[in-house]
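Okay, structure incoming, though there's no sequence with it:
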């Protein structure tokens, strides 16, 4: 609790930042100025949230003391109302506690999630579609805002690939440990003999690189190929009749991204370039790490079969995370977006 609500320490830092920002020549270095400005805004938001939580706790404490003294037989509706308030507070405090684990350079950034179906045709594409729905539901129930930037549909059902932009404070911090291979075991709905089938899908989670930051990558016009097309739904049904969807290929790296979420071509191109920067940046970091690992003699290439989590629907029901050991038999809840237990464990154990 002290680590979460150390308001005095935060206020001291706010005061220090404000003094520095008022000094002569501070805004001459725009990158440093933006960094300090972002930290100041973040701290003020944290202090306000902490003061609101402490005020709520104090209010509940005073009400309970009053109820014990004046009304031992607390009205049932008042009891229920108090319990609901406590549950909401518990969830808020748990989230604040989780955020104390974020120390990565990109944890505060927005996130880009891309889901790729593995080998296996319709089963794998259906599984990728199930994962897309799972993440969309998780985002919908959270404080984040999700935008489906693009999706390529499967031949029969599901998707071959889909990309979601997740906006909100610590979006990447919360979602980064979802990165990896997800494995599904079930009776195949596409098998006439009702055979058990194992499907794989890859979930890629990247931080969205902020414009103007020190990691912002310059994408030169001559290094990209831009194509426009009509966004389409399952079976090729057009969502619109104009070529508003945009596909951008980064020629030096071969990275290709699409965006079809907006009505205007220019807006789709802007979002596609943001996603492209994140993917090119991630590839650059990955290549640098692999090069260092090879020099040290410890490089092991990523294997498709190295799943981070298994979802078993037959012959029993279980979702198990292989890194944290967290598991549950309530597979339906997980596939409906109830991922908090897995995500929080990943942050606290893997971080």
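The structure has been received and is ready for your questions. From a predicted model like this one, the values you see are computed outputs, not experimental measurements. Residues are numbered from 1 along each chain as shown.

going forward, measure contacts and count neighbours with C-alpha atoms only.
Will do.

so what's the backbone phi/psi at residue 32?
phi -70, psi -40 (degrees, to the nearest 10).

Compute the distance between it and residue 215, please.
According to C-alpha to C-alpha, to the nearest Å, residue 32 stands 13 Å off from residue 215.

what do you get for residue 45?
25 Å.

and what of residue 306?
As judged by C-alpha to C-alpha, residue 306 and residue 215 stand 30 Å apart.

got the contact list for residue 123?
188, 189, 190, 197, 199 (C-alpha atoms under 8 Å, 6 or more residues apart in numbering).

If we only consider those, which is nearest to residue 172?
The nearest member of those to residue 172, counting by C-alpha to C-alpha, is residue 199 at 26.0 Å.

Report the beta-bridge partner residues of the closest one.
Assessed by DSSP bridges, residue 199 has beta-bridge partners residue 184.

confidence score at it?
Looking at residue 199, its pLDDT is 93.

repeat for the one 4 residues further on
At residue 203, the pLDDT value in this model is 94.

Let's see the pLDDT reported for the closest residue to it other than its chain neighbours.
Nearest non-adjacent residue to residue 203, counting by C-alpha to C-alpha, 6 or more residues apart in numbering: residue 115, 4.6 Å away. We have a pLDDT of 96 for residue 115.

now swap in residue 173 and tell me
Residue 173 is given a pLDDT of 95.

So which bits of the strand or helix carrying it are buried?
Counting by DSSP states H and E, the element that carries residue 173 is helix 171-175. By 16 or more other C-alpha atoms under 10 Å, the buried positions in helix 171-175 come out as 171, 172, 173, 174, 175.

For stretch 137-145, could you pull out the residues that count as buried?
137, 138, 139, 144, 145.

so how far is the first residue of that stretch from its last?
11 Å.

List of residues touching that stretch?
Residues outside stretch 137-145 that contact it (C-alpha under 8 Å, 6+ apart): 146, 166, 167, 168, 169, 171, 336, 337, 338, 339.

give me the number of residues near the last one?
The tally of other residues near residue 339 (other C-alpha atoms under 10 Å) stands at 17.

what's the closest non-adjacent residue to it?
residue 138 (6.8 Å).

confidence score at the one you found?
Reported pLDDT for residue 138: 97.

Would you mind identifying the next helix or strand past the helix or strand it falls within?
Taking DSSP H and E as the definition, one finds residue 138 inside helix 122-140. Using DSSP H and E, the helix or strand that follows helix 122-140 in sequence is strand 145-153.

For that next one, could you pull out the residues that count as buried?
145, 146, 148, 149, 150, 151, 152, 153.

Stretch 91-101 now?
93, 96, 98, 99.

Contacts only, for the last one.
The reference is to residue 99. Contacts of residue 99 by C-alpha under 8 Å, 6+ apart are residue 170.
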